[in-house]
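Peer 1: fold the following, please.
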Amino acid sequence: MSEPVEEDEGWEQQAALMHAEVEAYFAALEQVASGAAAETALPLLLLSVGQLCAAGARVGALVDVVPVERFEPDAGPDTDLEAVREGLHMLLGGLDDYCDVEDPVISTGVVPGSLSADLVSVAADLSHGRTHYLEGRVTEAMWWWQFSYLSSWGERASAALRVLLTLLAHVRLDADDEQVMEAELAALHSPG
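Peer 2: I've put the predicted structure just below:
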């Protein structure tokens, strides 16, 4: 196992990459929650959460990030994400709730899940690290993103990714054969 890397020992580049992914996630989440992208909500969320999962895996696979200070500087109040959660819940309607496995390693218990709650929970964890990053505490941001990836948002993002993929697959693959044929014929005979 590698030794932990202390403050200012190379986290700037990884933090900048992670911060870019966090900003992209927030932009997509806010766009979808506003209703501005209702017709492309599922593909947009799938792409955004998929990219975030890849970024999180990179952060999670790094050696342990250890800040010099052994206490967390006050990042201020938590970001209020209730309007985003409500917007997502309204947009998703009856597709918001799903069945989840409590812990796939030590349990087979099935528990209720909520896609909007998962997406906002991920955003809350990312927001905390984002605040540290924007205030110039790069290592603290990396520590927070890594810790919360391993302890919470990585699992919630992975669950959301699976649900989004499943929803999109149902939308695309469960279409009625007659509707598909009519759409194909309309596309063939359309001018232009």
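Peer 1: which helices and strands sit right next to the longest helix along the chain?
Peer 2: When the chain is parsed with DSSP state H, its longest helix is helix 11-34. Judged by 3 or more C-beta pairs under 8 Å, 6 or more residues apart in numbering; DSSP states H and E, helix 11-34 is in contact with helix 41-61, helix 82-92, helix 115-134, helix 138-148. Every residue, glycine included, has its C-beta placed from N, CA and C.
Peer 1: how about those helices in a markdown table, adding mean pLDDT, distance to residue 163 and mean neighbour count?
Peer 2: Output for those, formatted as a markdown table (pLDDT from 0 to 100; distance: least, C-beta to C-beta, whole Å; neighbours: other C-beta atoms under 10 Å):
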| stretch | mean pLDDT | distance to residue 163 | mean neighbour count |
| --- | --- | --- | --- |
| helix 41-61 | 94 | 9 | 19 |
| helix 82-92 | 91 | 10 | 17 |
| helix 115-134 | 94 | 5 | 22 |
| helix 138-148 | 90 | 20 | 24 |
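Peer 1: which one of those lies closest to residue 101?
Peer 2: Of all the helices and strands packed on helix 11-34, helix 115-134 sits nearest to residue 101, with 13.5 Å by C-beta to C-beta.
Peer 1: got the CA positions of that closest one in CSV?
Peer 2: Output in CSV follows, covering the C-alpha atoms of helix 115-134 (Å, rounded to 0.1, in the frame of the first residue of the first chain):
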residue,chain,number,x,y,z
LEU,A,115,-33.6,8.5,-8.1
SER,A,116,-34.2,12.2,-7.3
ALA,A,117,-33.0,11.6,-3.7
ASP,A,118,-29.9,9.8,-4.9
LEU,A,119,-29.0,12.5,-7.4
VAL,A,120,-29.3,15.2,-4.8
SER,A,121,-27.5,13.3,-2.2
VAL,A,122,-24.5,13.0,-4.6
ALA,A,123,-24.8,16.7,-5.3
ALA,A,124,-24.7,17.5,-1.6
ASP,A,125,-21.5,15.6,-1.0
LEU,A,126,-19.9,17.1,-4.1
SER,A,127,-20.9,20.6,-3.1
HIS,A,128,-19.1,20.3,0.2
GLY,A,129,-15.8,19.5,-1.6
ARG,A,130,-16.6,22.2,-4.3
THR,A,131,-16.7,24.8,-1.6
HIS,A,132,-13.3,23.8,-0.3
TYR,A,133,-11.9,23.8,-3.8
LEU,A,134,-13.3,27.3,-4.7
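Peer 1: thank you kindly, that will do.
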